[in-house]
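Colleague: After the sequence you'll find the predicted model.
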Amino acid sequence: MANADNAGLDGLITSPLSRRGFVMTSLISGLTVATTRVEAQVIHTDATGIEAGEVKIPAADGPMPAYRAVPEGAGPFPIVLVVEEIFGVHDYIKDICRRLAKAGYCAVAPELYARQGDLSTMTDPKIIIRDVISKTPDAQWIGDLDATAAWAASAAKGDPARLGVMGWCRGGRAAWLYAAHRRDLKAAVAWYGPIRGERTDIQPRTAGDVAAEIHAPLLALYGGADTGIPPASVEEARDKAKQAGKTVELVIYPDAPHGFHADYRPSYRKEPAEDGWNRALAFLKAHGVG
């Protein structure tokens, strides 16, 4: 298993990680408080025909809170690791897990920032980025995703031979990096994940840096009106991957802003969100996660 030998972590681990207890011991109830308004078009997916709820995943330094949704029945079902935005595993991320379960997946969203801060109480995105996101080592959340995949296979009716990852915003960056880490990953989907960014000792590489090293085909879904992620940077990463013989399918929605899939925010755009979702499901199945 990847978490046994740190396969693909070269360049991400720079020093032994100090372990700390979890600040968040349970998930956010409701939607994130770090948004000024909630839109009326919020999607709610019921739990009919699936099993869904909060779980605890054994991590290196204690039980990590997570949300899991899986179809009823014996399984095993293909696994999709769901990687949150910067706002925590709140109702939007939980609903995505239920949507995936309805499509036949064992979907698990771990709270990857549970050690660094209590996102249920934080209202300012700038403070979240400064105090939580920038202080979360890449090697830490990569190890947590490995632990989540192992747990899904052993305790949640997941099939480890059909493993995928899907992430939004900062989680989109994670999808790129995890695809460069996990050699047995079948497919990755990045929703408007940053390609560039500051490099630090604990976050030493960007998504663009690892584009040529991905082990799995990757679907990149981006907005042409995203003021923080220039389309040219994503095209550069795609071309870098293709030159290395990797598979990256890039879709840029010309008029879509950042966060166009986030139905609870004003950035939501129904048509690209639905088209991207259908493309994501088709991509997973086409590459062995289905």
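Modeller: Here it is on my side, so go on.

Colleague: My guess is Gly197 contacts Pro204. True?
Modeller: No: between Gly197 and Pro204 there is no contact under C-beta atoms under 8 Å: 11.0 Å. (C-beta placed from N, C-alpha, C; glycine too.)

Colleague: Do a quick rundown of the strands in the stretch 101-250 of the chain.
Modeller: Ranges of strands in the stretch 101-250 of the chain, per DSSP state E, counting those that start in this stretch, are 106-110, 158-168, 187-191, 218-223, 248-253.

Colleague: Of all these, which one comes closest to Phe283?
Modeller: Closest to Phe283 of the strands of the stretch 101-250 of the chain is strand 218-223 (C-beta to C-beta; 4.3 Å).

Colleague: re the thing from before, tabulate the strands of the stretch 101-250 of the chain (JSON lines), appending mean pLDDT and mean neighbour count.
Modeller: Below are these laid out as JSON lines (pLDDT from 0 to 100; neighbours: other C-beta atoms under 10 Å):
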{"stretch": "strand 106-110", "mean pLDDT": "98", "mean neighbour count": "29"}
{"stretch": "strand 158-168", "mean pLDDT": "98", "mean neighbour count": "24"}
{"stretch": "strand 187-191", "mean pLDDT": "98", "mean neighbour count": "30"}
{"stretch": "strand 218-223", "mean pLDDT": "98", "mean neighbour count": "26"}
{"stretch": "strand 248-253", "mean pLDDT": "98", "mean neighbour count": "18"}
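
Colleague: For Pro78, which of these is the nearest?
Modeller: Between Pro78 and the strands of the stretch 101-250 of the chain, the shortest separation by C-beta to C-beta is 3.6 Å, and it involves strand 158-168.

Colleague: Only alpha carbons, please: show stretch 183-197 as CSV.
Modeller: Extracted as CSV, the C-alpha positions of stretch 183-197 are listed here (Å, rounded to 0.1, in the frame of the first residue of the first chain):
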residue,chain,number,x,y,z
ARG,A,183,0.7,4.8,-7.7
ASP,A,184,-2.4,2.7,-7.5
LEU,A,185,-4.9,5.6,-8.0
LYS,A,186,-7.1,5.0,-11.0
ALA,A,187,-8.4,8.5,-11.7
ALA,A,188,-8.4,12.1,-10.3
VAL,A,189,-10.8,15.0,-10.7
ALA,A,190,-9.7,18.6,-9.9
TRP,A,191,-12.3,21.2,-9.7
TYR,A,192,-10.6,24.6,-10.0
GLY,A,193,-7.6,23.7,-7.9
PRO,A,194,-4.7,26.3,-7.7
ILE,A,195,-1.9,25.4,-10.1
ARG,A,196,0.7,27.9,-8.8
GLY,A,197,1.4,29.2,-5.3
